[in-house]
Every structure is written in C-alpha cells, then in structure tokens.
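Peer 1: Need coordinates for the below:
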Amino acid sequence: MGCLLIVKNYTSDRLNFGLAAEQAKFESYKVETVIVGDDCALPPPRGIAG
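Peer 2: Modelled structure (predicted):
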C-alpha cells in the first residue's frame, strides 16, 4: 500500500502533512510527497493545482 501526498506550499500544511508522512513511513507505508505552489487566491494567470 502507498500514498501520494499533494500539499499546498503553506508552512502549517507542510509541517502537518510532513509529520503524517513520517508516521506513515514508520508504519511501513510507501509515501511520496509533492509540494505545489499554485494558489487559486492569486489573480490570473495563476490557477488551481491539479
């Protein structure tokens, strides 16, 4: 079993999801994390990641 974490580039999200990924790895799950900097709150041409 495995998991891909796609995390927005906010400090608290990176911290919390990073801790969750480490805990899952400790429990023998395969975990990969991708940090994205896209933000729908910014004016165009930015958009929603994914």
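Peer 1: Grab the most central residue of this structure for me.
Peer 2: Centroid-nearest residue in the chain, with C-alpha atoms, centre = their mean: Val7, separated by 1.8 Å.
Peer 1: Assign that one to helix, strand or coil.
Peer 2: strand (DSSP: H, G, I helix; E, B strand; the rest coil).
Peer 1: where's Phe26 relative to Lys8, distance?
Peer 2: 24 Å (C-beta to C-beta, to the nearest Å). The C-beta positions use only the backbone N, C-alpha and C, and glycine is treated the same way.
Peer 1: repeat for Val34
Peer 2: 10 Å.
Peer 1: the more surrounded of these two?
Peer 2: Per other C-beta atoms under 10 Å, whichever of Val34 and Lys8 has more neighbours is Lys8, with 15 against 9.
Peer 1: Leaving out sequence neighbours, find the closest residue to that one.
Peer 2: Val36 (6.2 Å; C-beta to C-beta, 6 or more residues apart in numbering).
Peer 1: thought that neighbour was touching Ile6?
Peer 2: Yes. Under the criterion of C-beta atoms under 8 Å, Val36 makes contact with Ile6 at 6.3 Å.
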